[in-house]
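Peer 1: Okay, sequence plus prediction incoming.
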Amino acid sequence: MEQPNSLKSTDSLKSTDFLKNTDSVKDTAQAEAVAAGYAFDGPTLDLGALMAGGAPDAGVQIRVPLAMLTRHGLVAGATGTGKTKTLQGIAEQLSAAGVPVFLADMKGDLSGLAAPGQGGEKLTARTQALGQQWSAKAFPCEFYTLGGEGTGVPIRATVTAFGPTMLAKVLGLNPTQESSLGLVFHFADSKGWLLLDLKDLRSVLLYLTSDEGKAELKAIGGLSPQTAGVILRELTAFQAKGAEPFFGETEFNALDLIRTTPDGRGVVSLLELPGVASRPELFSTFLMWLVAELFERLPEVGDLDRPKLVFFFDEAHLLFTDASKDFVSAITQAVRLIRSKGVGIFFVTQTPKDVPGDVLAQLGNRVQHALRAYTPDDAKALKATVSTFPKSQYDLGEVLQNLGIGEAVVTVLSENGAPTPVAWTRLRAPESLMAEADPAVVQGIVNGSPLMAKYGPAIDRESAYEILAAREAEAQAAAEAQASAEAEAEPPPSRPSRPSPAKTPPNLIEQALGSATVKKAVDTAVREITRSIFGTRKRR
């Protein structure tokens with residue numbers, strides 16, 4: 001007795017098992033319709049071959065036009081279904097086509113792009129069935145780290161460049177607090193106090209909320225001590241979550257991501273983010289700034305035959321988990337507008353529900369790996385995923401649960417902007433190493449990078465923190481000098497032969513200043529202000 005589809009062994013499943021109508025004539029017509037839907041005139045990126053009758057049909061290649069990659073995309077699927085290898089294969093082809101690539105590598109397993117792959121009988125059989133002419137290749141890579149944490153060229157940004165509006169979005173400030181933060185930036189600019197790192201901004205906020213800075217806080221107008229205190233608390237929490245190393249100098253120029261080799265291949269930029277799952281705020285901060293920098297720096301280019309740069313955001317759920325509405329709004333706007341700059345963005349995650357609806361609506365190219373439905377929530381996610389695809393001949397609710405590793409359901413935008421037919425696809429195999437590269441290989445690439453000399457050294461030049469610290473030190477030194485002078489002063493000698501005039505008794509202020517108890521309290525207060533305003537305790 002034949003088992004139901006959902007219980008069949010994976011080896012015995014055929015793509016026709018999940019067609020709504022499996023009549024052989026219509027099945028052939030479906031394959032022909034898919035072939036026609038993926039026949040393009042311009043340059044393309046090959047994803048794989050159509051699955052027909054349980055095997056790949058090398059005569060029906062599933063492709064995506066390079067020109068349509070600026071319409072962005074989504075690569076999704078459960079853990080272990082082959083998303084990372086799909087990402088690796090796409091990055092390889094983009095590099096070979098002369099398109100630079102940026103990859104946020106969460107787990108470090110994409111470093112294999114820098115080393116040639118390893119062949120074998122199983123791999124050869126797979127690639128031959130797909131019609132893929134496979135050969136082991138390494139691709140030009142550049143490795144980056146945030147603030148120099150790890151192996152790679154450090155990426156940093158100054159607080160000034162990041163700006164009050166974007167920083168307010170990351171901190172989750174409301175509109176009133178956001179405008180107040182803008183006033184703090186304006187105040188620092190008017191004083192000539194550079195805001196290079198987070199301790200600079202924190203020092204300015206502490207100064208404005210101190211007794212010494214109250215008058216200037218009042219003069220700013222529109223910034224209450226309570227609001228300044230809220231901003232300070234949020235900034236301190238942000239620092240505690242690991243954002244400190246990202247801010248500072250030498251500041252990274254985002255245009256350095258758009259590079260090609262002398263032989264015309266695009267450079268693959270790999271941002272290594274170990275442990276980022278515990279620091280999503282740091283990850284989201286970097287992405288917001290980098291995308292915004294590209295948008296500001298790149299000129300409008302209109303429609304190109306291939307992108308100037310393609311971003312892949314792996315583990316995209318980290319980008320949106322606990323994200324504020326303002327943050328999601330900023331990402332939505334960036335995705336919508338950066339297309340005109342020639343930049344494509346692909347999100348890589350487990351299910352489409354990890355991506356907010358307004359962002360998902362901007363992603364025209366879809367590569368959906370297998371999903372599981374082990375729980376009621378999984379079943380809802382599966383149903384929601386099916387609803388996002390165009391109508392097709394497949395029973396997608398069944399197909400998505402039975403896809404093999406390295407297989408996906410694909411639909412992309414054709415050259416005229418219309419969705420292509422949904423295609424069950426067996427994806428091409430990467431030609432680079434499908435594992436982490438040898439650390440020595442990575443270190444050698446980093447050591448030989450021309451960008452290391454440019455961005456490697458950390459610079460901590462005079463900025464708001466140092467200026468305010470020097471002011472406080474001068475004030476403390478002056479107070480100590482005055483106290484010392486008063487202590488060393490002796491009363492004039494008395495003249496008993498002549499009666500001295502009546503001495504005016506000291507007033508209350510003079511009595512207080514002369515009190516040893518009050519002097520001790522003043523000295524203690526000065527020391528405490530120095531530690532709390534300028535963070536010297538933490539700096540030590």
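Peer 2: Sure, I can see it.
Peer 1: ok now stretch 391-407, how far from the chain's centre?
Peer 2: Its chain's C-alpha centre and that of stretch 391-407 lie 31 Å apart, by CA atoms, centre = their mean, to the nearest Å.
Peer 1: what comes up buried for that stretch?
Peer 2: Across stretch 391-407, burial judged by 16 or more other CB atoms under 10 Å covers Ser392, Gln393, Tyr394, Leu396, Val399, Leu400, Gln401, Asn402, Leu403, Gly406, Glu407. Using the backbone N, CA and C atoms, a C-beta is placed for each residue, glycine as well.
Peer 1: Name the SS class of Ser269, please.
Peer 2: strand (DSSP: H, G, I helix; E, B strand; the rest coil).
Peer 1: all strands of this protein, in order?
Peer 2: 44-52, 55-65, 73-76, 101-105, 141-146, 153-155, 268-272, 309-313, 343-349, 365-368, 407-411, 423-427 (DSSP state E).
Peer 1: max-length helix in the chain?
Peer 2: Longest helix of the chain, by residue count under DSSP state H: helix 464-488.
Peer 1: what's the burial count for the nearest residue to Gln88 once chain neighbours are set aside?
Peer 2: Nearest non-adjacent residue to Gln88, counting by CB to CB, 6 or more residues apart in numbering: Pro430, 4.4 Å away. The number of residues packed near Pro430 is 25, by other CB atoms under 10 Å.
Peer 1: mind listing what Pro430 touches?
Peer 2: Counting by CB atoms under 8 Å, 6 or more residues apart in numbering, Pro430 touches Lys85, Gln88, Gly89, Glu92, Gly112, Gly117.
Peer 1: could you pull out the helices for the stretch 251-400 of the chain?
Peer 2: All helices of the stretch 251-400 of the chain, identified by DSSP state H, counting those that start in this stretch, fall at 280-297, 317-320, 325-337, 357-360, 376-387, 396-402.
Peer 1: Relative to Gly131, which of those helices is closest?
Peer 2: Shortest distance between Gly131 and the helices of the stretch 251-400 of the chain, using CB to CB, is found for helix 396-402: 22.2 Å.
Peer 1: and the closest one, what other elements does it pack with?
Peer 2: Helix 396-402 is packed against helix 376-387, strand 407-411, with contacts defined by 3 or more CB pairs under 8 Å, 6 or more residues apart in numbering; DSSP states H and E.
Peer 1: Can I get the ones you listed in JSON lines including mean pLDDT and distance to Val64?
Peer 2: Formatted as JSON lines, the entries for the helices and strands packed on helix 396-402 read as follows, by pLDDT from 0 to 100; distance: least, CB to CB, whole Å:
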{"stretch": "helix 376-387", "mean pLDDT": "90", "distance to Val64": "19"}
{"stretch": "strand 407-411", "mean pLDDT": "96", "distance to Val64": "8"}
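Peer 1: Taking the centroid of this structure, which residue is nearest it?
Peer 2: The centroid of the chain falls nearest to Leu287 when counting by CA atoms, centre = their mean (2.9 Å).
Peer 1: Could I get the pLDDT score of that residue?
Peer 2: Note on Leu287: pLDDT of 76.
Peer 1: cool, Gln333 as well?
Peer 2: 87.
Peer 1: Ile331 versus the residue nearest to Gln88, what's the distance?
Peer 2: The gap separating Pro430 from Ile331 is 28 Å, by CB to CB, to the nearest Å.
Peer 1: ditto for Gln362
Peer 2: 10 Å.
Peer 1: Name the residue in those two with the higher neighbour count.
Peer 2: Ranked by neighbour count (other CB under 10 Å), Gln362 and Ile331 place Ile331 first, with 26 against 20.
Peer 1: Tell me which two in the contacts of Pro430 are the farthest apart.
Peer 2: Comparing every pair within the contacts of Pro430 by CB to CB identifies Gly89 and Gly112 as the most remote, at 11.6 Å.
Peer 1: In the chain, where is pLDDT below threshold?
Peer 2: For the chain, the stretches with pLDDT under 70 are 1-27, 222, 274-278, 280-281, 322-324, 326, 490-540.
Peer 1: one more time with 50
Peer 2: Residue ranges of the chain with pLDDT under 50: 1-12, 21-25, 503-504, 506-540.
Peer 1: in the stretch 1-150 of the chain, which spans are helices?
Peer 2: Under DSSP H, counting those that start in this stretch, the stretch 1-150 of the chain gives helices at 24-37, 83-96, 121-130.
Peer 1: Next, the angle from the last one to strand 55-65.
Peer 2: With axes from the mean of the first three to the mean of the last three CA atoms, to 10 degrees as the basis, helix 121-130 and strand 55-65 are set at 70 degrees to each other.
Peer 1: Distance of Leu47 relative to Asp256?
Peer 2: 29 Å.
Peer 1: Have a look at the two and say which one is more surrounded.
Peer 2: Neighbours were counted for Leu47 and for Asp256 using other CB under 10 Å; Leu47 has more, 24 against 18.
Peer 1: coming back round to it: of all the contacts of Pro430, which comes closest to Ala39?
Peer 2: Using CB to CB, Gly89 is the member of the contacts of Pro430 that lies nearest Ala39, at 21.0 Å.
Peer 1: which ones are touching that closest one?
Peer 2: Gly89 makes contact with Leu427, Arg428, Ala429, Pro430, Glu431, according to CB under 8 Å, 6+ apart.
Peer 1: can you pull the contacts of Lys83?
Peer 2: For Lys83, the contacting residues are Val75, Ala76, Gly77, Val348, His369, by CB under 8 Å, 6+ apart.
Peer 1: cool, and Pro352?
Peer 2: With CB under 8 Å, 6+ apart, Pro352 has these contacts: Leu74, Ala76, Leu360, Gln368, Ala381, Ala384, Thr385, Thr388.
Peer 1: before we move on, what about Gly152?
Peer 2: The neighbours of Gly152, taking CB under 8 Å, 6+ apart as the test, are Phe143, Tyr144, Thr145, Leu270, Leu271, Glu272, Val446.
Peer 1: Can you tell me how far it is from Leu273?
Peer 2: When distance is defined by CB to CB, Gly152 is 10 Å away from Leu273.
Peer 1: Also Gly77?
Peer 2: 20 Å.
Peer 1: for Gln177, same thing?
Peer 2: 29 Å.
Peer 1: With neighbour numbers in mind, choose between the two.
Peer 2: Using other CB under 10 Å, the more surrounded residue of Gln177 and Leu273 is Leu273, with 24 against 18.
Peer 1: Next, the contact list for the more buried one, please.
Peer 2: The neighbourhood of Leu273, defined by CB under 8 Å, 6+ apart, consists of Ala104, Asp105, Met106, Leu146, Phe283.
Peer 1: What is the nearest of those to Lys122?
Peer 2: Asp105 (25.7 Å).
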